[in-house]
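Trainee: sequence-free structure coming up:
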């Protein structure tokens, strides 16, 4: 998928999340909500990195820090429909891999530990303030509750809450 198609898919997914539809009006409104600029700059950074334009990728990375209030590593790789509901305080390590339709609230950390980074499946939701650290796999359709600290794998369809997080239900 090219960069423009990814950006379109991200904005459509955010419009769906915020307004329940993907009409052009909802997409325009979503384009100007908090976090969307950071999503677009992330995609520009990702494309620059893929084309070997490291200096440009670094510029986009710093723009996200200054204007988006978030840090997303230059090597972080998310599939289409990546949504930052709010970008403030989000920190994502460069080695993180995420599938399609990953939705992240504010103040979330997805970080490496001893060189091992999390892998997020498709259709994952991460609540405000959650931390996911280390060689953790978060299964497809999983939900991470607000302020949860995930240090172990989260099964497909599970909801994980607490410190340390544990699965409380499976969809």
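Mentor: Received the coordinates, thanks. Quantities reported herein were computed from a predicted structural model and do not represent experimental measurements.
Trainee: Give the other helices and strands that the least confident helix or strand in the chain by mean pLDDT contacts.
Mentor: Lowest by mean pLDDT, DSSP states H and E among the helices and strands of the chain is strand 166-170, with a mean of 81. Counting contacts by 3 or more CB pairs under 8 Å, 6 or more residues apart in numbering; DSSP states H and E, the secondary-structure elements packed against strand 166-170 are strand 158-161. For glycine as for every other residue, the C-beta is placed from the backbone atoms N, C-alpha and C.
Trainee: Mean confidence (pLDDT) on the strand it packs on, please.
Mentor: Across strand 158-161, pLDDT averages out at 97.
Trainee: where does the chain have low pLDDT?
Mentor: Along the chain, the parts satisfying pLDDT under 70 run over 170-171.
Trainee: Could you pull up the residues touching the residue nearest the centre of the chain?
Mentor: Nearest to the mean C-alpha position of the chain, by CA atoms, centre = their mean, lies residue 104 at 4.9 Å. Taking CB atoms under 8 Å, 6 or more residues apart in numbering as the contact definition, residue 104 lies against 83-85, 90, 110, 126.
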